[in-house]
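S.K.: Please find the sequence and the predicted model below.
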Amino acid sequence: MDEYLRDNYKADENYLKKAIEDIEASYPKEVIYHKEGKELPIIVISPDTGSDFVKEAYFLPVLWVVEINSKKDLVL
């Protein structure tokens, strides 16, 4: 676990590892980390909206962005 992450976000290491696994399993178009390596905050571009990552709605410094075609698409 990165010292920056521990000191600045106080994230549980197991929780973060699971979140990253779920991010990767959502097959995003792109994942942008704070620095090199897997550090918070994380921006996830176009994850599969049916994935566990999206369904679990992780509460840590993560932003996921998807393209929508209509207002109806906003309700997942």
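M.R.: Great, that's in hand. Residues are numbered from 1 along each chain as shown.

S.K.: Tell me which residue is most central in this structure.
M.R.: Closest residue to the average C-alpha location of the chain: Val62 at 4.7 Å, with C-alpha atoms, centre = their mean.

S.K.: Now do the contacts for the closest residue to Ala25 other than its chain neighbours.
M.R.: Computed as C-beta to C-beta, 6 or more residues apart in numbering, the closest residue to Ala25 that is not its neighbour in sequence is Ser51, at 6.3 Å. In this view, the C-beta of every residue, glycine as well, is placed from N, C-alpha and C. By C-beta atoms under 8 Å, 6 or more residues apart in numbering, the residues touching Ser51 are Asp22, Ala25, Ser26, Tyr27.

S.K.: would the first one count as being in a strand?
M.R.: No. Using DSSP: H, G, I helix; E, B strand; the rest coil, the assignment for Asp22 is helix, not a strand.

S.K.: tell me the contacts of it?
M.R.: Ser51, Asp52, Phe53, Glu56, Tyr58 are the contacts of Asp22 under C-beta under 8 Å, 6+ apart.

S.K.: from these, which is closest to Ile45?
M.R.: Among the contacts of Asp22, Phe53 lies closest to Ile45 (C-beta to C-beta), at 12.4 Å.

S.K.: Would you mark the buried spots in the helix or strand the closest one falls within?
M.R.: Following DSSP states H and E, one finds Phe53 within helix 52-56. When burial is assessed from 16 or more other C-beta atoms under 10 Å, helix 52-56 yields the following buried residues: Asp52, Phe53, Val54.

S.K.: Likewise for stretch 19-33?
M.R.: Ala19, Ile20, Asp22, Ile23, Ser26, Pro28, Val31.
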